[in-house]
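Participant: Sharing a model that was predicted from the sequence below.
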Amino acid sequence: YCKLNGRNHTLFFSETMEEDYNENLILDADIRKALHNNEFELYYQPQINVITGEVIGLEALIRWVHPKKGPVSPAKFIPLAEESGVITQIGEWVIREACHQHQTWVKQGYRPIRIAVNVSAIELQRTDFAEKVKKILSETKMDPHFLEIEITENSVMQNTEECILTMNCLRRMGISLSIDDFGTGYSSFGYLKQFPINYLKIDQSFVRSALKEQSSAAIVKAMIQLAHNFGLRVVAEGVEDEDVLTLLKAEHCDFYQGYYYSKPVKAIDIENRILKAY
Ligand code: C2E
Ligand code: MG
Ligand code: MG
Ligand code: MG
C-alpha cells in the first residue's frame with residue numbers, strides 16, 4: 001500500500017480505495033501483457049502553422065484497447081506504468097514505433113514529417129536514455145532531425161542537472177526538444193533559459209479558457225512573448241475553435257494543435273488526409 005500511495009503513509013482505506021488499489025494491480029499486469037500482445041497503437045495529431053495553415057509535424061499519442069475493459073486512457077495507465085517502472089518498456093516501444101512509422105512513410109515516397117513523442121520523467125532520468133534513442137534511430141534508420149521529444153515541465157524539474165545533460169546529448173544527435181504542458185508545473189520562467197529546448201507547448205487549460213478568462217489570455221500572451229525572447233517557438237495545445245485560433249494569430253503564436261484541426265488519428269488517416277496532399 002505504501003508504495004502505491006507514495007508519500008501518504010497514514011491513509012485510511014475506504015472500500016473505493018481498495019477497489020482502486022486492486023484495479024491498479026490488475027491494470028499493471030495487463031500493461032505488461034499488452035506490450036507482449038501488441039495491444040498498443042500510436043495515434044497522431046497534426047501540428048499546424050498558425051499563419052500558413054500547413055501541417056508542420058505530428059504528435060504521437062499512445063492508445064490502448066484493453067481486451068476486456070475497452071479503451072483505457074493514457075492519462076490513467078501512464079501514471080501507473082511510471083509507478084511500476086514498466087514505462088521504460090512502453091517508452092521504448094513508443095519511440096521505436098514512431099521512428100518505424102516515419103521510415104515507412106519515407107520509403108513510400110512521402111515528404112518526411114517531424115514526429116514528436118512524449119517521454120516521461122522516469123525514462124528521461126535513466127542514464128542510458130540517450131543511448132537507447134540512438135540505438136533505435138540507427139536500427140530504424142530514421143533521420144534524427146525529424147524526431148522531437150516532448151518532456152513535461154515537471155519532469156525536468158526533478159534532477160534538473162542530469163536532465164540537462166541528457167537533453168544536450170539528444171540535441172547533439174539532431175533531435176529537437178519541447179517542454180510540454182507549460183504553465184502547469186512548478187518551474188519558474190527563469191528556468192526556461194537553462195533548458196536546451198526548441199519549442200514551448202502552452203498547456204491546453206490556458207488555451208481553452210483564453211477567450212473566457214482575461215487572466216488566461218494574459219498568461220498565453222506572456223508565455224508567447226517570453227518564449228520568443230528566448231528564441232523558442234510556441235505551440236498552443238487544445239485549440240478547439242476558430243476564435244481561439246484568431247487570438248493566437250493576433251499574439252503571434254507559431255503553431256497549434258487541437259480538435260479544431262484534427263483529433264489524434266490512426267497512421268492510415270494521416271497518410272490519406274495529410275501526407276497525400278503534403
Ligand atoms: P499531452 O502530451 O499533453 O497530449 C495532449 C492531450 O490532449 C492528448 O490526450 C490529446 O488527445 C488531447 N487533445 C489534443 N487536442 C485537444 C483538444 O482540442 N481538446 C481536448 N480536450 N483535448 C485535446 P491523450 O492522448 O489522452 O493523452 C493524455 C496524456 O497522456 C498526454 O498529454 C501525455 O502526457 C500522456 N501520453 C500520451 N501518450 C503518451 C506516450 O506515448 N508516452 C508518455 N510517456 N505519455 C503519453
Ligand atoms: Mg505531449
Ligand atoms: Mg500537453
Ligand atoms: Mg498533458
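Facilitator: Good, I have the coordinates. Please read these numbers as outputs of a predicted model, since none were measured by experiment. Ligands and ions are numbered 1, 2, ... in the order given.
Participant: Tally up the residues packed near Ala130, please.
Facilitator: Residues near Ala130, counting by other Cβ atoms under 10 Å, number 20. Placement of C-beta: from N, CA and C, glycine included.
Participant: Let me see the contact set for it.
Facilitator: By Cβ atoms under 8 Å, 6 or more residues apart in numbering, the contact set of Ala130 is Thr166, Cys169, Leu170, Met173.
Participant: Just the element for the residue nearest to the third one when sequence neighbours are not counted, please.
Facilitator: Spelled out, it's Leu170. Spatial nearest neighbour of Leu170, excluding adjacent residues (Cβ to Cβ, 6 or more residues apart in numbering): Ala130 at 5.6 Å. In this assignment (DSSP states H and E), Ala130 forms part of helix 129-140.
Participant: Any residue of that helix touching ligand 1?
Facilitator: No: using Cβ under 6 Å from any ligand atom, helix 129-140 stays clear of ligand 1, with a minimum separation of 12.4 Å.
Participant: buried stuff in that helix?
Facilitator: By neighbour count on 16 or more other Cβ atoms under 10 Å, the buried set for helix 129-140 is Phe129, Ala130, Lys132, Val133, Lys134, Ile136, Leu137, Thr140.
Participant: TSV for those, including pLDDT and distance to Val50?
Facilitator: Shown next, in TSV, are the buried residues of helix 129-140 (pLDDT from 0 to 100; distance: Cβ to Cβ, whole Å):
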residue	pLDDT	distance to Val50
Phe129	97	32
Ala130	97	32
Lys132	98	34
Val133	98	29
Lys134	98	33
Ile136	98	31
Leu137	98	30
Thr140	97	31
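Participant: Serialize these to CSV and add fields for distance to Ile149.
Facilitator: CSV is the format used below for those (distance: Cβ to Cβ, whole Å):
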residue, distance to Ile149
Phe129, 10
Ala130, 10
Lys132, 12
Val133, 8
Lys134, 13
Ile136, 12
Leu137, 12
Thr140, 15
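Participant: which of these are close to ligand 2?
Facilitator: Restricting those to those touching ligand 2 (Cβ under 5 Å from the ion) yields no residues.
Participant: of all the residues you listed, which comes closest to ligand 1?
Facilitator: Ligand 1 has its nearest neighbour among the buried residues of helix 129-140 in Phe129, at 12.4 Å by Cβ to the nearest ligand atom.
Participant: who's in contact with the closest one?
Facilitator: Counting by Cβ under 8 Å, 6+ apart, Phe129 touches Val119, Glu123, Thr166.
Participant: again, 10 Å this time
Facilitator: 88, 91-92, 95, 119, 122-123, 149, 162-163, 166, 169-170 (Cβ atoms under 10 Å, 6 or more residues apart in numbering).
Participant: What of Glu97?
Facilitator: With Cβ under 10 Å, 6+ apart, Glu97 has these contacts: Phe40, Glu41, Leu42, Ala60, Ile62, Val117, Ile136, Thr140, Ala267.
Participant: Going by distance to Ile78, which of those wins?
Facilitator: Distance to Ile78 across those (Cβ to Cβ) is lowest for Ile62, with 7.5 Å.
Participant: Test my guess that the closest one contacts Trp93.
Facilitator: Yes: counting by Cβ atoms under 10 Å, Ile62 does reach Trp93; the two are 8.6 Å apart.
Participant: Quick check: mean pLDDT of the strand ranked longest in the chain?
Facilitator: Counting residues, the longest strand found in the chain (DSSP state E) is strand 55-66. In this model, strand 55-66 has a mean pLDDT of 97.
Participant: Check whether that strand comes near ligand 3.
Facilitator: No: shown here: strand 55-66 not in contact with ligand 3 (Cβ under 5 Å from the ion), separated by at least 8.4 Å.
Participant: got the buried residues for the helix or strand following that strand?
Facilitator: In the C-terminal direction, the helix or strand that comes right after strand 55-66 (DSSP H and E) is strand 70-72. Within strand 70-72, the residues scored as buried using 16+ other Cβ under 10 Å are Val72.
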